[in-house]
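> Just the structure for this:
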Amino acid sequence: MTTFRLVGQPLLIAMVLALGVRSAVRLYAIPSSSMEPTLRAGDYILATPYLHAEPQRGDVVVFRSPVVRDQLLVKRVIAVPGDLVESREGHLLVGGRPAGDAGAVVSQIIPADCYFVLGDNRANSFDSRQWGVLSRNLVVGRARLVLWSSVHGIFRPIQ
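Residues are numbered from 1 along each chain as shown. Prediction:
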């Protein structure tokens, strides 16, 4: 019994904790340059689920593609439910306020439980401009931390 307490019990506790962390935290590799300069192809990121909150404007989210269901994508939330998204002369406006360049965007009010997401590298991003708003049920979690990047090194928060 003493040997189990000395060796087995700490191992058992470590395994239970590891499984708990694994269910709350997910690791992903960035497949493309659509989020440059924030994230680069090949970066490994850590994402956490939205348990008691909703995605906010500016969050970088991991989600299941609305086009190819088994594909995961990473984009930035530009507009949340109730926001008016429109473009004028190639500039994106959210609620009448400038939100960067985006090319042509169909004027729309974002419906409940939906988000308008864009890649930071707007010229090279497959996003809400092509397939429309992102449904909340496709959101996997919020990207929090770059664990490894060949360009930026390790452990960098995602902003």
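> Where do the strands of this structure begin and end?
26-29, 44-48, 60-64, 72-79, 84-88, 91-94, 97-101, 108-109, 114-118, 134-135, 139-149, 153-157 (DSSP state E).
> which other helices and strands contact the third one?
Read that as strand 60-64. Counting contacts by 3 or more Cβ pairs under 8 Å, 6 or more residues apart in numbering; DSSP states H and E, strand 60-64 is packed against strand 72-79, strand 114-118, strand 139-149. Quick note: C-beta positions are derived from backbone N, CA and C, even for glycine.
> what's the answer for the last one, then?
Contacts defined by 3+ Cβ pairs under 8 Å, 6+ apart place strand 153-157 against strand 139-149.
> Sort out which residues of the strand it packs on are buried, please.
Using 16 or more other Cβ atoms under 10 Å as the test for burial, strand 139-149 gives Val139, Val140, Gly141, Arg142, Ala143, Leu145, Val146, Ser149.
> OK, contacts around the last one?
Taking Cβ atoms under 8 Å, 6 or more residues apart in numbering, we find Ser149 in contact with Arg40, Gly42, Asp43, Tyr44, Arg156.
> list the contacts for the second one?
The neighbourhood of Gly42, defined by Cβ under 8 Å, 6+ apart, consists of Ala29, Ile30, Ser149, Ser150.
> Show the pLDDT at it.
Gly42 is assigned 93 on the pLDDT scale.
> how near is it to Val105?
29 Å (Cβ to Cβ, to the nearest Å).
> in the sheet, who's paired with the residue nearest in space to the middle of the chain?
The centroid of the chain falls nearest to Val61 when counting by Cα atoms, centre = their mean (1.5 Å). Going by DSSP bridges, Val61 is paired in beta bridges with Lys75, Arg142.
> Where in the chain is the helix or strand with the lowest mean pLDDT?
Across the helices and strands of the chain, the lowest-confidence element by mean pLDDT, DSSP states H and E is helix 9-24, at a mean of 53.
> so how far is stretch 116-129 from its chain's centroid?
On the basis of Cα atoms, centre = their mean, to the nearest Å, stretch 116-129 sits 12 Å off its chain's mean C-alpha point.
> Also stretch 78-88?
Chain-centre distance of stretch 78-88: 18 Å, with Cα atoms, centre = their mean.
> Go through it and flag the buried ones.
Ile78, Ala79, Val80, Pro81, Asp83, Val85, Glu86, Ser87.
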